[in-house]
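[1] Predicted model follows, preceded by the sequence.
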Amino acid sequence: MTITADLERIRHQYLSKIVETQAIRDFKESIDVFGKKIGPFSKGNHYKMEFWIAKSFLKRDIIRLVGRDESTEGEEVIGKLDVQEIQKIAFDQGRSHEINDIGKNLFTAIKEFLDVLSYRVKMKLTPEKKYKTLFSNIQDLIMIRHRRILNLSHMKQSLKVTQNLTQEEKILMDNLTDNLITWKDFFQNNKDK
């Protein structure tokens with residue numbers, strides 16, 4: 001399986017999660033999504049649905065995410081993410097010299113958050129500056145984590161350290177380690193001796 005296929009599998013699992021939402025405005029219509037009736041929504045009421053369905057309503061400022069994911073303890077939910085939270089995570093990671101636990105699917109949650117935010121910027125529901133600030137912080141976080149993963153790929157990993165990697169980072173780490181070992185063996189094992 002390729003890295004892309006593994007990451008898409010994680011994304012699909014994330015999109016299929018049931019999330020708790022709250023209507024931030026009335027939506028009188030009912031929409032049929034693959035035989036499933038979605039809506040109407042009444043302002044202030046809570047609703048549960050798969051994230052991939054909720055995403056369309058998030059983009060249009062009809063609902064917001066609340067609570068945590070009910071299927072897995074400790075997973076990041078897009079509703080908990082905002083510019084300040086991602087800045088805090090990036091700042092904390094920059095100051096730490098270790099790989100700390102930042103959530104099981106944080107990068108997938110961030111990717112989905114960026115997609116929602118990008119649409120909201122296009123629709124003039126969110127200021128573009130907020131998107132640019134968030135994108136910059138995400139780039140910092142990715143660079144910090146990648147440097148640490150590259151360092152880890154050169155040494156034996158302890159179970160404690162690898163437990164703090166996100167699922168996305170574990171895929172990267174496994175492939176990096178395998179490729180580095182293969183590359184190193186290729187040059188160090190002279191079969192023509």
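    Nice, thanks for sending it over. Numbering: from 1, shown residues only.
[2] Just the buried positions in stretch 34-43, please.
    Neighbour-count burial for stretch 34-43, counted by 16 or more other Cβ atoms under 10 Å, picks out 38-39, 41. (Glycine included, C-beta is placed from N, CA and C.)
[3] So which of the residues you listed sit within helices?
    Judged by DSSP state H, helices contain none of the buried residues of stretch 34-43.
[4] With respect to Gln167, which of these is nearest?
    Sorting those by how near they are to Gln167, with Cβ to Cβ, puts Ile38 at the top with 28.2 Å.
[5] now, which of the buried residues of stretch 34-43 sits nearest Thr177?
    Ile38 (43.2 Å).
[6] Could I get the phi/psi values of the closest residue to the closest one other than its chain neighbours?
    Taking Cβ to Cβ, 6 or more residues apart in numbering as the measure, Ile38 lies nearest to Ile31, with 4.8 Å between them; neighbours along the chain are not counted. Summarising the backbone geometry of Ile31 under the convention degrees, to the nearest 10, its torsions are phi -120, psi 140.
[7] Give the buried residues for the longest helix seen in the chain.
    The helix spanning the most residues in the chain, taking DSSP H as the definition, is helix 128-153. Residues of helix 128-153 classed as buried by neighbour count (16+ other Cβ under 10 Å): 131, 134-135, 137-138, 140-141, 144-145, 148-149, 152-153.
[8] Quick check: of the residues you listed, which lies closest to Thr162?
    Using Cβ to Cβ, Leu152 is the member of these that lies nearest Thr162, at 7.9 Å.
[9] from memory that closest one sits against Ile99, does it?
    Yes: in this structure, Leu152 is within contact of Ile99 by Cβ atoms under 8 Å, at 7.1 Å.
[10] so where's the chain shaky on pLDDT?
    Scanning the chain for pLDDT under 70 picks out the ranges 1, 67-82, 153-161, 180, 183-193.
[11] my guess is Leu114 contacts Leu134, does it?
    Yes: taking contact to mean Cβ under 8 Å, the distance of 7.0 Å between Leu114 and Leu134 places them in contact.
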